[in-house]
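Participant: How does the following fold in three dimensions:
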Amino acid sequence: MKSLASAGMILVVVAGCASQPKRQAGTAPYPIYHVAPTKHPVARQTTREPSPLARRRAPLPRTPTVYAPNWYPKRSALSRRWKHIVLHHSGTDTGGAVRFDKYHREVKGWNELGYHFVIGNGTDTPDGFVEVGPRWDKQKHGAHCKTRNNFYNDHGIGICLVGDFTHTRPSSAQLASLTKLVRFLTATCGISPRNISRHGKITGNTQCPGRNFPFASVRRAVSTTNAASAYR
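Facilitator: As a prediction, this is how the structure comes out:
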């Protein structure tokens with residue numbers, strides 16, 4: 001058996017509760033839009049003990065962790081198709097849109113990242129960092145919540161938080177970014193807070209986004225706050 005240092009070169013991650021490829025692609029085959037920082041971030045970087053896997057990674061640069069909601073599509077008009085928001089966890093300690101895109105292409109056989117948004121946990125991207133995938137840019141259906149009639153892929157915006165919330169909890173920075181993003185989406189797409197759902201609640205065949213995910217708190221935060229003022 002090889003040494004721990006050699007073993008550290010191989011990292012298996014999971015997106016949507018399935019094994020991921022062992023290495024991250026160097027460059028995404030499409031632009032992942034890292035939204036520009038604002039003068040008034042919603043949350044500050046939080047200090048938390050990294051997982052053993054995260055400790056073996058190179059330290060991330062000190063950058064703002066929450067970004068302005070410049071989340072309008074860049075190549076398409078906002079579609080009227082969106083009726084729901086579906087929340088996921090990656091089921092992994094580490095990850096990001098590039099890594100999940102590689103898995104979705106090479107293992108799932110899809111043509112791109114299945115989610116519309118990915119919110120980092122401080123491993124592949126900074127804690128609370130929002131990555132915007134190509135499906136949102138193109139206002140394209142998702143590939144994140146398969147049902148018999150495919151309604152939630154056709155009409156649901158998929159948001160994945162990096163982490164396994166069966167065993168841990170999302171960071172405060174992730175939850176701040178998620179709340180701000182969901183407020184933005186409900187306001188701009190006309191989605192009722194009642195239509196914010198958990199992946200596992202819809203399909204019934206997974207615990208995603210995990211039993212420790214504070215779903216009621218997220219929905220309450222969106223429902224009780226003036227969404228229009230949340231992203232000014």
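Participant: Check which helices and strands the longest helix anywhere in the chain is in contact with.
Facilitator: Across the chain, the helix with the greatest residue count (assigned by DSSP state H) is helix 172-189. Here helix 172-189 touches strand 84-89, strand 117-119, strand 156-161, helix 215-224, going by 3 or more C-beta pairs under 8 Å, 6 or more residues apart in numbering; DSSP states H and E. Yep, even glycine has a C-beta here, placed from its N, CA and C like the rest.
Participant: That one vs strand 156-161, what angle?
Facilitator: Orientation note: helix 172-189 sits at an angle of 170 degrees relative to strand 156-161 (axes from the mean of the first three to the mean of the last three C-alpha atoms, to 10 degrees).
Participant: could you give the angle of helix 172-189 to strand 84-89?
Facilitator: On the basis of the same axes, to 10 degrees, helix 172-189 is oriented at 170 degrees to strand 84-89.
Participant: residue contacts, the residue nearest to residue 192 when sequence neighbours are not counted?
Facilitator: In this structure, residue 192 finds its nearest non-sequential neighbour in residue 186, 7.2 Å apart by C-beta to C-beta, 6 or more residues apart in numbering. For residue 186, the contact set (C-beta atoms under 8 Å, 6 or more residues apart in numbering) comprises 85, 192-193, 196, 222, 227.
Participant: hmm, back to that, tell me the helix or strand right after the longest helix of the chain.
Facilitator: Where DSSP states H and E defines the elements, the next helix or strand beyond helix 172-189 is strand 196-198.
Participant: where are the low-confidence patches of the protein?
Facilitator: 1-70, 225-232 (pLDDT under 70).
Participant: quick one, helices of it?
Facilitator: Under DSSP H, the chain gives helices at 4-7, 52-55, 97-106, 134-137, 151-155, 172-189, 199-203, 215-224.
Participant: could these go into TSV alongside distance to residue 121?
Facilitator: Formatted as TSV, the helices of the chain follow (distance: least, C-beta to C-beta, whole Å):
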stretch	distance to residue 121
helix 4-7	22
helix 52-55	8
helix 97-106	12
helix 134-137	20
helix 151-155	24
helix 172-189	6
helix 199-203	17
helix 215-224	16
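Participant: hang on, the earlier thing: and of the contacts of residue 186, the nearest to residue 141?
Facilitator: In terms of C-beta to C-beta, no member of the contacts of residue 186 lies closer to residue 141 than residue 85, at 14.2 Å.
Participant: how close does that closest one sit to residue 93?
Facilitator: Distance, residue 85 to residue 93, by C-beta to C-beta, to the nearest Å: 25 Å.
Participant: Which one of these two is surrounded by more residues?
Facilitator: Taking other C-beta atoms under 10 Å, residue 85 and residue 93 do not tie; residue 85 has more neighbours (26 against 20).
Participant: which ones are touching the more buried one?
Facilitator: Counting by C-beta under 8 Å, 6+ apart, residue 85 makes contact with 156-157, 159, 182, 185-186, 191, 195-197.
Participant: Whichever of the residues you listed end up buried, select them in ChimeraX.
Facilitator: Applying 16 or more other C-beta atoms under 10 Å to the contacts of residue 85, the buried members can be selected in ChimeraX as follows:
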select :156,157,159,182,185,186,191,196,197
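Participant: wait, which of the contacts of residue 85 is closest to residue 97?
Facilitator: Of all these, residue 159 has the smallest distance to residue 97: 11.6 Å, by C-beta to C-beta.
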